[in-house]
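Asks: after the sequence you'll find the predicted model.
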Amino acid sequence: MERAPYINNQTHLIEKKSKQKNSLFFRFRQNKTAVIGLFILVILVIMALFAEQIAPYSYEKQNLQNLFATPSAKHLFGTDNFGRDVFSRVVYGSRISLVIGFISVGIGCLVGGILGVVSAYYGGIADHVIMRILDIAQSIPSLLLAVSLSATLGPGLKNAMIAVGISSIPTYARIIRGSVLNVKGEDFIDAAIVGGAGSGRIIFKHILPNTMAPIIIQASAGMAGAILTAASLSFIGLGVQPPTAEWGSMIATGRAYLRNAWWIVTFPGAAIMITVSALNLLGDGLRDVLDPKSKKG
């Protein structure tokens with residue numbers, strides 16, 4: 001009789017620990033890949049937000065008496081062909097890359113999400129028409145589509161974000177369509193319909209909250225692709241234009257001096273590599289954390 005409270009307490013502790021292990025935060029914290037990716041991304045965001053305080057010089061400040069200075073204590077990443085501090089330009093460039101990543105992913109998620117939900121939920125003619133249009137768009141490589149759109153709209157930051165965002169719409173639409181089709185057949189959706197819930201209520205309250213996992217995973221991976229695509233557009237002169245500090249345009253400017261001033265190209269290239277790798281690590285980690293099968297472990 002005296003052991004009953006002790007047994008109940010132990011059972012309660014075991015259940016509490018089990019719930020903690022099954023929580024998303026606990027599994028995310030245990031996933032080293034996701035934690036490393038998030039840590040690097042947080043550093044990049046801080047660098048972008050506080051660029052004025054971190055960068056020792058303005059990204060457009062020229063010093064024609066100090067051209068092609070090698071990396072040193074005064075200029076950590078050296079200077080370029082205009083005597084501008086490469087480290088400062090890399091720091092300011094993080095703003096452009098992250099803004100392009102967030103905005104273009106937002107465009108892809110919003111438009112692709114609307115198309116995917118309408119296609120899956122209503123089906124019929126709407127589904128066939130939307131899917132055939134997406135098939136045509138997806139038959140064109142996303143980078144080639146982004147280049148074509150950017151060339152049509154003209155160079156610039158705003159047009160680059162629109163071009164990259166539009167090129168990613170088919171991917172998000174298909175992912176969201178598949179997720180909605182899976183959720184649409186669940187019993188709680190049928191119960192909501194029987195209960196008299198309207199289409200808007202069913203979509204926003206019941207379907208979308210249960211399809212967020214694949215959207216979050218694709219968004220993190222898609223942001224890496226968006227930053228890489230935007231850098232490619234700037235590299236060929238269709239993205240952000242000089243003298244604005246952007247990693248792709250910095251590489252394009254520095255490639256003519258690669259043999260004698262390797263740092264002009266190396267450090268912006270490393271920044272792109274680190275950012276894309278961090279987002280891919282975060283995406284892979286989130287895929288493991290949010291995967292329903294991992295909850296059974």
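Replies: Okay, I see it.

Asks: give me the neighbour count for residue 277.
Replies: 14 (other C-beta atoms under 10 Å). Every C-beta, even on glycine, is put in place using the N, C-alpha and C of the backbone.

Asks: so how far is the helix or strand hosting it off the chain centroid?
Replies: Taking DSSP states H and E as the definition, residue 277 sits inside helix 263-290. Its chain's C-alpha centre and that of helix 263-290 lie 10 Å apart, by C-alpha atoms, centre = their mean, to the nearest Å.

Asks: tell me what it is packed against?
Replies: helix 24-30, helix 32-49, helix 86-122, helix 212-235, helix 247-254 (3 or more C-beta pairs under 8 Å, 6 or more residues apart in numbering; DSSP states H and E).

Asks: redo these as JSON lines? Include mean pLDDT, mean neighbour count and distance to residue 269.
Replies: Listed next are these as JSON lines, based on pLDDT from 0 to 100; neighbours: other C-beta atoms under 10 Å; distance: least, C-beta to C-beta, whole Å:
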{"stretch": "helix 24-30", "mean pLDDT": "77", "mean neighbour count": "14", "distance to residue 269": "30"}
{"stretch": "helix 32-49", "mean pLDDT": "91", "mean neighbour count": "16", "distance to residue 269": "15"}
{"stretch": "helix 86-122", "mean pLDDT": "92", "mean neighbour count": "22", "distance to residue 269": "10"}
{"stretch": "helix 212-235", "mean pLDDT": "88", "mean neighbour count": "23", "distance to residue 269": "9"}
{"stretch": "helix 247-254", "mean pLDDT": "92", "mean neighbour count": "24", "distance to residue 269": "6"}
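
Asks: distance to residue 65 added to those, as TSV?
Replies: Formatted as TSV, the helices and strands packed on helix 263-290 follow (distance: least, C-beta to C-beta, whole Å):
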stretch	distance to residue 65
helix 24-30	51
helix 32-49	28
helix 86-122	17
helix 212-235	28
helix 247-254	19
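
Asks: among these, single out whichever gets nearest to residue 165.
Replies: Across the helices and strands packed on helix 263-290, the minimum distance to residue 165, taken as C-beta to C-beta, is reached by helix 86-122, at 2.8 Å.

Asks: how far off centre is that closest one?
Replies: Centroid separation for helix 86-122 versus its chain: 7 Å, with C-alpha atoms, centre = their mean.

Asks: next secondary structure element downstream of that helix?
Replies: helix 124-138.

Asks: got the contact list for that following helix?
Replies: 115, 118-120, 145, 169-171, 173-174, 177 (C-beta atoms under 8 Å, 6 or more residues apart in numbering).

Asks: center of this protein - which residue?
Replies: residue 223 (2.1 Å; C-alpha atoms, centre = their mean).

Asks: which residues touch that one?
Replies: By C-beta under 8 Å, 6+ apart, the contact set of residue 223 is 101-102, 104-105, 279.

Asks: not counting its neighbours along the chain, what's nearest residue 78?
Replies: residue 263 (4.1 Å; C-beta to C-beta, 6 or more residues apart in numbering).

Asks: spatially nearest residue to residue 91, not counting backbone neighbours?
Replies: In space, residue 91 comes closest to residue 55 once its chain neighbours are excluded; the distance is 4.4 Å by C-beta to C-beta, 6+ apart.

Asks: and the one you found, what does it touch?
Replies: 85, 87-88, 91-92.

Asks: how about residue 109?
Replies: 172, 215, 219.

Asks: and of those, the nearest to residue 163?
Replies: residue 172 (15.5 Å).
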